[in-house]
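> what follows is a protein structure lacking sequence information:
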């Protein structure tokens, strides 16, 4: 088998440019006019991003070998699974601010640019710490187990807009208009520039993404500490999930046991990280365990909803 192709700055640059190109096509061509996506369109976009992720994994298999390809798929699935809870948070933010449906797609994908920067910085710091201080692995593993237990026991929403410190500071420091001005983030009030409520929503979405990244990135680092794999899997998961949001946001409340499944994934990867010096779990097995946890939580949620729905009809 030929030696793996080394990852260089050109690969990083090329990947980011291709993603930006797809985003430009999405916002500048397919969603040039503000309109709400139908569920069918949202599913098609999600399938498209998933297909691109699989193609990328195939490319990694050819150029970097089967192990890194499997690591990417596992990291992608872990990130996607953990970010599912972010869908509920985004729905809560949009409801709180009464964001018109026709502006939601553009707003979510505008937030991608900030997410790319934030995730890149966090991944770089995480990998650097792990390589410099091996004991960081144990710290992150313990943090993931604690977070998983906390998520599993918590029934409160992860993001509460009315109590958000960043939002309160923004309103105190910067002028904010009381009404939307189309899809603009800036407007004029009394002859001076001011943020629109849509800008505050974007700020809240970025804050929510940062909060969830604090949990999800350490979890992905339990799968692999290769920065390129961690970053690319994060990007594909975020893009796919934000497309899927428009298909599942209305039904996410019915997946009542999804949070339990996500908590189980966090605990599992935390234990895996703590045990890594002594137990070398195959990547394929990790992928199977994570997939099984999420599938079972979703399946049990659907079964429970049917049972409750059947009882309500019977009454």
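Looks like it came in fine. Small disclaimer: the values here were computed from a predicted structure and weren't measured. Numbers count the residues shown, from 1 in each chain.

> residue 99: how many residues sit nearby?
18 (other Cβ atoms under 10 Å). No exception for glycine: its C-beta is placed from N, CA and C like everyone else's.

> surely it touches residue 198?
Yes: the pair residue 99 / residue 198 is scored as a contact, 7.1 Å apart, by Cβ atoms under 8 Å.

> next, residue 212: phi, psi?
Backbone geometry at residue 212, expressed as degrees, to the nearest 10, gives phi -70, psi -30.

> ok, and the closest non-adjacent residue to it?
residue 86 (4.8 Å; Cβ to Cβ, 6 or more residues apart in numbering).

> ok, back up a step: now for residue 99 and residue 198: what residues contact both?
In terms of Cβ atoms under 8 Å, 6 or more residues apart in numbering, residue 99 and residue 198 are both contacted by the residues residue 107.

> would you mark the buried spots in the helix or strand that contains the residue nearest to residue 212?
Element membership for residue 86 (DSSP states H and E) is helix 66-96. For helix 66-96, the buried set under the neighbour-count rule, 16 or more other Cβ atoms under 10 Å, comprises 68-94, 96.

> distance of the residue nearest to residue 212 from residue 262?
From residue 86 across to residue 262, the span is 10 Å (Cβ to Cβ, to the nearest Å).

> now what about the helix or strand of the chain at the bottom of the mean pLDDT ranking, what contacts it?
The helix or strand of the chain with the lowest confidence, counting by mean pLDDT, DSSP states H and E, is helix 165-173 at a mean of 74. Residues outside helix 165-173 that contact it (Cβ under 8 Å, 6+ apart) are 161, 176, 195, 200, 203, 204, 207.

> what does stretch 47-66 give?
So stretch 47-66 is contacted by 1, 4-5, 7, 22, 68-69, 72-73, 76, 229, 232, 236-237, 239-240, 243 (Cβ under 8 Å, 6+ apart).

> if we use 10 Å, what do you get?
The contact list for stretch 47-66 (Cβ atoms under 10 Å, 6 or more residues apart in numbering) reads 1-7, 11, 15, 18-19, 22, 26, 67-73, 76-77, 80, 226, 228-229, 232-233, 235-244, 283-284.

> any chance of a PyMOL selection covering the buried ones in these?
In PyMOL syntax, the buried subset of these is picked out as below (16+ other Cβ under 10 Å):
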select buried, resi 7+15+19+26+68+69+70+71+72+73+76+77+80+226+228+229+232+233+235+236+237+238+239+240+241+242+243+244+283
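
> which ones among the contacts of stretch 47-66 lie within strands?
Secondary structure assignment by DSSP state E places none of the contacts of stretch 47-66 in strands.

> buried ones in the least confident helix or strand of the chain?
167, 170.

> need the strands for the stretch 51-200 of the chain, in chain order.
186-189, 192-195 (DSSP state E, counting those that start in this stretch).

> in its sheet, what does the first one sit against?
Put plainly, it is strand 186-189. strand 192-195 (antiparallel) (DSSP bridges).

> average pLDDT across the strand it pairs with?
On average, the pLDDT along strand 192-195 is 82.

> make CSV out of the strands of the stretch 51-200 of the chain and add distance to residue 115.
Formatted as CSV, these follow (distance: least, Cβ to Cβ, whole Å):
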stretch, distance to residue 115
strand 186-189, 21
strand 192-195, 20
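
> and the ones you listed: which comes nearest residue 104?
For those, the distance to residue 104 is smallest for strand 192-195, at 18.0 Å, taking Cβ to Cβ.

> can you give the distance of stretch 291-305 from its chain's centre?
20 Å (Cα atoms, centre = their mean, to the nearest Å).

> can you check stretch 286-297 too?
For stretch 286-297, the distance to the chain centre is 17 Å (Cα atoms, centre = their mean).

> and it, what's buried?
286, 287, 289, 290, 293, 294, 297.

> list the residues that contact the last one.
By that I understand residue 297. Per Cβ under 10 Å, 6+ apart, neighbours of residue 297: 81, 84, 255-265.

> element containing it?
Judged by DSSP H and E, residue 297 forms part of helix 283-314.

> need the overlap of contacts for residue 86 and residue 262.
Common neighbours of residue 86 and residue 262 (Cβ under 10 Å, 6+ apart) are residue 216.

> which stretches of this structure form helices?
Using DSSP state H, the helices of the chain run over residues 9-25, 39-63, 66-96, 101-132, 136-153, 165-173, 197-221, 227-248, 258-275, 283-314.

> what is the rounded mean pLDDT of the second one?
Spelled out, it's helix 39-63. 86.

> need the strands of the stretch 51-200 of the chain in CSV (columns: mean neighbour count and distance to residue 301).
Shown next, in CSV, are these (neighbours: other Cβ atoms under 10 Å; distance: least, Cβ to Cβ, whole Å):
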stretch, mean neighbour count, distance to residue 301
strand 186-189, 14, 41
strand 192-195, 14, 38
